[in-house]
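Peer 1: okay, here's the prediction I keep looking at, along with the sequence it came from:
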Amino acid sequence: MKKLLSTFAVLLAMTAVQASAQDVADMSDLEYAHIAYTADNIDIRYAHLALALSSNPDIHDFANTMIRDHTAVNAAALELLDKLGATAQDNAVSQTLNANAEEIINGFVKLRGAEFDAAYAANELAYHQAVNALVENTMIPNIDNDEVRALFVQGLEIFKAHEHHAEMMVKALQ
């Protein structure tokens, strides 16, 4: 069950982002902002779930880092949007990310202990790999506004560190 759910979560996370990469290149900066904001909020939700379902101190440390960092990046994004007098625009990619997150969460709530920890760590690794690749290879090269691009570059640096941390967690839990 653990391996099946972990694989399911990883596939959902990666499919939501990779399948949309072709369409994302044609989106606006405001649509990119909504995708990033949505992805951050999803990771915050996963982290709160990890705090509730795991007793592993390493999982708790990682989850608290996710909450802190993703909240800070979202706050900076909202501040920039306010400065620009703009509003992030909902789109199909954001909606797909949210729908897939619901399925992943529904699977996570059935797990406890080491099963949950392994599934959470694997999902975090896959999620950060997929989102980071989309941001780096598709979004950043296509962002029109220099301030928006700078925020995405700064966020990507933070989220690559998360990816590395998640990779270490996955290895430690094997």
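Peer 2: Received it, and whenever you're ready, just let me know what you need.
Peer 1: all the helices of the protein, in order from the start?
Peer 2: Using DSSP state H, the helices of the chain run over residues 2-18, 21-24, 29-53, 57-84, 92-108, 113-134, 140-142, 146-173.
Peer 1: need the ones you listed in CSV (columns: mean pLDDT).
Peer 2: Putting those into CSV (pLDDT from 0 to 100) gives the following:
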stretch, mean pLDDT
helix 2-18, 52
helix 21-24, 70
helix 29-53, 96
helix 57-84, 96
helix 92-108, 90
helix 113-134, 93
helix 140-142, 96
helix 146-173, 96
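Peer 1: let me have those in JSON lines, extended by mean neighbour count.
Peer 2: Where you see a C-beta, it was placed from the backbone N, CA and C, and this is true even at glycine. Shown next, in JSON lines, are those (neighbours: other Cβ atoms under 10 Å):
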{"stretch": "helix 2-18", "mean neighbour count": "18"}
{"stretch": "helix 21-24", "mean neighbour count": "14"}
{"stretch": "helix 29-53", "mean neighbour count": "21"}
{"stretch": "helix 57-84", "mean neighbour count": "16"}
{"stretch": "helix 92-108", "mean neighbour count": "18"}
{"stretch": "helix 113-134", "mean neighbour count": "22"}
{"stretch": "helix 140-142", "mean neighbour count": "14"}
{"stretch": "helix 146-173", "mean neighbour count": "16"}
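Peer 1: pLDDT value on the spatially most distant residue from the centre of the chain, please?
Peer 2: No residue in the chain has its C-alpha farther from the mean C-alpha position than G85, which lies at 25.6 Å (Cα atoms, centre = their mean). Looking at G85, its pLDDT stands at 96.
Peer 1: how close does it get to L125?
Peer 2: To L125, G85 is 37 Å away according to Cβ to Cβ, to the nearest Å.
Peer 1: isn't D58 right next to K171, touching?
Peer 2: No: checked against Cβ atoms under 8 Å, the pair D58 and K171 is beyond contact range at 11.6 Å.
Peer 1: and I143, what's its pLDDT?
Peer 2: Note on I143: pLDDT of 96.
Peer 1: that one: neighbouring residues, count only.
Peer 2: Residues near I143, counting by other Cβ atoms under 10 Å, number 21.
Peer 1: residue contacts, it?
Peer 2: I143 makes contacts with D29, Y32, R149, F152, as judged by Cβ atoms under 8 Å, 6 or more residues apart in numbering.
Peer 1: if you set the cut-off to 10 Å instead, what comes out?
Peer 2: Listed by Cβ atoms under 10 Å, 6 or more residues apart in numbering, the contact partners of I143 are M27, S28, D29, Y32, A33, V135, R149, A150, L151, F152, V153.
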